[in-house]
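Enquirer: my questions are about this predicted structure, shown below with the sequence.
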Amino acid sequence: MAGQALVKAGSTDVDAVGRENLEEFVTFNIAGQLFGIPVLIVQDILVPENIASIPLAPPEVRGSINLRGRIVTVVDVRVRLGLERREINDETALADKKTDLELIEGGEDEGADEKAESAVENVKRQKRQHMMGVTVEQQNELYTLLVDSVGDVISLSKSSYEGNPSTLDPLWREFASGVYRLDHQLMVVLDVERLLDFKAKI
């Protein structure tokens with residue numbers, strides 16, 4: 001399997017949408033900025049693994065994964081938003097960490113087991129932090145949006161929804177439908193249809 005599912009659409013938490021004047025969003029973080037997409041379009045939240053490259057694909061297409069027998073295109077949202085691609089969790093980095101773990105596990109000093117357990121958790125935490133995927137369905141195709149980290153499912157009043165502020169990055173405005181001003185931060189609502197419309201960029 002390509003990834004471990006953490007949240008699935010259809011669960012009671014995800015389906016508990018529906019009070020009038022409220023809209024629910026799955027939130028995620030990219031480069032310190034909070035983003036949200038409507039919870040109803042989210043299929044899975046997972047840790048992508050074994051991403052296969054796609055020849056001649058646009059730079060924002062990281063590759064594809066196999067999710068329960070379906071081929072899913074992995075889109076690097078950082079690159080789509082004009083940010084630097086993150087390579088912190090590439091195969092080399094993971095291989096180096098695996099070597100470190102083997103050295104720790106091979107030690108016979110007191111506390112070696114505790115160190116190994118801590119190192120394993122650290123690798124898992126870094127992997128989850130930098131390789132989270134939010135899977136959505138668009139025009140009967142599945143896409144996994146690669147993001148820095150995934151937050152909560154939050155309910156917001158439709159009356160507090162605003163249009164894109166003039167200070168928002170022009171490229172981000174192209175993919176954003178509006179914003180919500182939360183306590184001490186701004187949540188940008190992404191228009192997934194435009195985000196995945198690669199033809200519009202050509």
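Expert: Arrived safely, thanks for sending. Numbers count the residues shown, from 1 in each chain.

Enquirer: in the helix or strand where Val74 lies, what's buried?
Expert: Using DSSP states H and E, Val74 maps to strand 70-76. The neighbour-count check on strand 70-76 (16 or more other CB atoms under 10 Å) flags Val72, Thr73, Val74, Val75, Asp76 as buried. C-beta: built from backbone N, CA, C; applies to glycine.

Enquirer: dump the residue contacts of the third one.
Expert: By CB atoms under 8 Å, 6 or more residues apart in numbering, Val74 lies in contact with Pro48, Ile51, Val61, Arg62, Gly63, Ser64, Ile65, Gly133, Tyr143, Thr144, Leu146.

Enquirer: let me see the backbone angles for the second one.
Expert: Spelled out, it's Ile51. Torsion angles at Ile51 (phi, psi; degrees, to the nearest 10) stand at phi -80, psi 120.

Enquirer: do the same with the fifth one
Expert: Taking degrees, to the nearest 10, you get phi 150, psi -150 for the backbone angles of Gly63.

Enquirer: repeat that for the last one.
Expert: When quoted as degrees, to the nearest 10, the phi and psi of Leu146 stand at phi -80, psi 120.

Enquirer: beta partners for it?
Expert: Beta-bridge pairing for Leu146 (DSSP bridges): Asp76, Gly133.

Enquirer: which stretches in the protein count as helices?
Expert: Counting by DSSP state H, the chain has helices at residues 12-15, 77-80, 91-106, 112-130, 170-175, 192-195.

Enquirer: the residue nearest to Phe25 when sequence neighbours are not counted: what's it in contact with?
Expert: Among residues not flanking Phe25 along the chain, Gly36 sits closest, at 3.5 Å (CB to CB, 6 or more residues apart in numbering). Gly36 makes contacts with Phe25, Val26, Thr27, Phe28, Ile154, Tyr180, Met187, Val188, Val189, Leu190, as judged by CB under 8 Å, 6+ apart.

Enquirer: from Ala57, how far out is Gly36?
Expert: 26 Å (CB to CB, to the nearest Å).

Enquirer: cool, and His184?
Expert: Distance, His184 to Ala57, using CB to CB: 38 Å.

Enquirer: the more surrounded of the two?
Expert: Ala57 (15 against 5; other CB atoms under 10 Å).
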